[in-house]
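Asks: have a look; sequence and predicted model below, questions after that.
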Amino acid sequence: MPEWISIIIRSIILITVLFFFVKWLGAKQLSQLNIFETISGIVLGGIAAFHTVDPYNSFYYALLAMFVWFIAAFTIEKLSLKSKRMRDFTDGKSTVFIQNGKIMEENLKKEGYSTDDLLEKLRNNNQFLVSDVEFAVLEPTGELNVLPKKENQPITLKDLNITPAPAKEPQTVIADGNILLEPLANASLNPTWLEAELEKQNVTIDNVFLGQVDHQGQLFLDLYDDHITVPEPAQSALLLASMKKCQADLELFALATDNPASKEVYDRNQKRMQEAVNRMEPYLKS
């Protein structure tokens with residue numbers, strides 16, 4: 001067999017084996033690697049590369065070596081999940097750099113961090129003053145997580161005692177000009193509704209690159225033809241405006257009539273409408 005054919009066959013087989021080994025080791029192999037996982041990845045790739053370009057080396061030895069490294073990495077990963085001590089040994093421990101607003105100089109030296117390194121990490125977290133930081137910890141992955149002091153944290157709806165409307169994840173109902181039935185069902189919608197919405201906007205399904213529905217059932221479209229402008233959905237805003245107009249009209253009718261009974265009816269219903277507006281506004285504005 002010619003060497004070039006042998007290299008192609010070896011490459012395909014070893015790439016396939018390496019793909020499944022990494023897949024079986026889990027998604028963690030692709031994101032946050034500890035020291036042993038980094039070494040395993042380098043060695044597995046090196047074995048595959050070496051035995052691919054050298055057809056005179058035993059192909060079975062390559063598979064055996066890769067299998068041994070895979071078993072070693074897989075075993076250590078499983079042991080780490082069950083043992084905190086093993087996890088600390090393989091993954092490492094977090095190191096506190098700032099606590100109660102004070103820099104831990106000894107921990108910086110222990111991890112080989114200079115003042116400039118710390119300031120750079122803080123800037124990556126949008127913190128430019130050490131005095132604004134309450135707590136900062138270096139994770140085993142090398143990422144610095146920062147907790148600003150309470151007065152420097154952004155205000156949340158919880159701080160304002162505001163309960164936001166519940167929201168579900170958006171559903172992609174059109175992709176590459178094709179209707180996706182499962183996301184439509186997840187949004188409690190159907191193709192008939194989708195076709196009607198497209199007709200309202202004078203858009204054909206073939207010209208839609210991506211279509212998404214938010215938690216309020218509003219359809220957002222991105223078209224293949226970027227020169228066509230699609231108006232933003234405004235059903236919620238129109239409904240809120242209609243409710244406010246209705247409340248204002250009832251209040252105006254109450255002021256305009258001289259009939260006590262009619263005035264009482266208009267006044268009572270405008271108050272009810274105002275209550276409805278107050279309750280629905282957070283939902284229709286979200």
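Replies: Looks like it came in fine. Residues are numbered from 1 along each chain as shown.

Asks: where exactly do the strands run in the stretch 101-250 of the chain?
Replies: Under the criterion DSSP state E, counting those that start in this stretch, the stretch 101-250 of the chain carries strands at the ranges 102-103, 133-138, 144-148, 171-175, 178-179, 208-213, 219-223.

Asks: distance to Asn126 and mean neighbour count added to those strands, as a markdown table?
Replies: C-beta here means a position set from N, CA and C on the backbone, and glycine is covered the same way. Compiled in a markdown table, the strands of the stretch 101-250 of the chain are given as follows (distance: least, C-beta to C-beta, whole Å; neighbours: other C-beta atoms under 10 Å):
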| stretch | distance to Asn126 | mean neighbour count |
| --- | --- | --- |
| strand 102-103 | 18 | 13 |
| strand 133-138 | 11 | 20 |
| strand 144-148 | 8 | 17 |
| strand 171-175 | 31 | 19 |
| strand 178-179 | 41 | 14 |
| strand 208-213 | 29 | 20 |
| strand 219-223 | 29 | 17 |
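
Asks: quick one: these as TSV, columns for distance to Gln127 too.
Replies: Shown next, in TSV, are the strands of the stretch 101-250 of the chain (distance: least, C-beta to C-beta, whole Å):
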stretch	distance to Gln127
strand 102-103	13
strand 133-138	6
strand 144-148	6
strand 171-175	36
strand 178-179	45
strand 208-213	34
strand 219-223	35
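
Asks: any idea how far Lys245 is from Gln218?
Replies: As judged by C-beta to C-beta, to the nearest Å, Lys245 and Gln218 stand 21 Å apart.

Asks: where does the prediction get shaky in the stretch 101-250 of the chain?
Replies: Filtered on pLDDT under 70, the stretch 101-250 of the chain yields the residue ranges 165, 230-238.

Asks: what residues sit buried inside the helix of greatest length in the chain?
Replies: Of all the elements of type helix in the chain, the one with the most residues (DSSP state H) is helix 260-285. Across helix 260-285, burial judged by 16 or more other C-beta atoms under 10 Å covers Tyr266, Asp267, Asn269, Gln270, Met273, Gln274, Tyr283, Leu284.

Asks: show me what that helix is packed against.
Replies: Applying 3 or more C-beta pairs under 8 Å, 6 or more residues apart in numbering; DSSP states H and E, we find helix 260-285 packed against helix 235-256.

Asks: in the helix it packs on, what counts as buried?
Replies: Ser236, Leu240, Met243, Gln247, Leu250, Glu251, Phe253, Ala254.

Asks: which two from those residues end up farthest apart in space?
Replies: Between any two of the buried residues of helix 235-256, the greatest separation by C-beta to C-beta is 27.7 Å, found for Ser236 and Ala254.

Asks: start to end distance for stretch 106-124?
Replies: 22 Å (C-alpha to C-alpha, to the nearest Å).

Asks: tell me where this protein has helices.
Replies: 3-25, 35-53, 59-82, 84-91, 105-110, 115-124, 181-186, 191-200, 235-256, 260-285.
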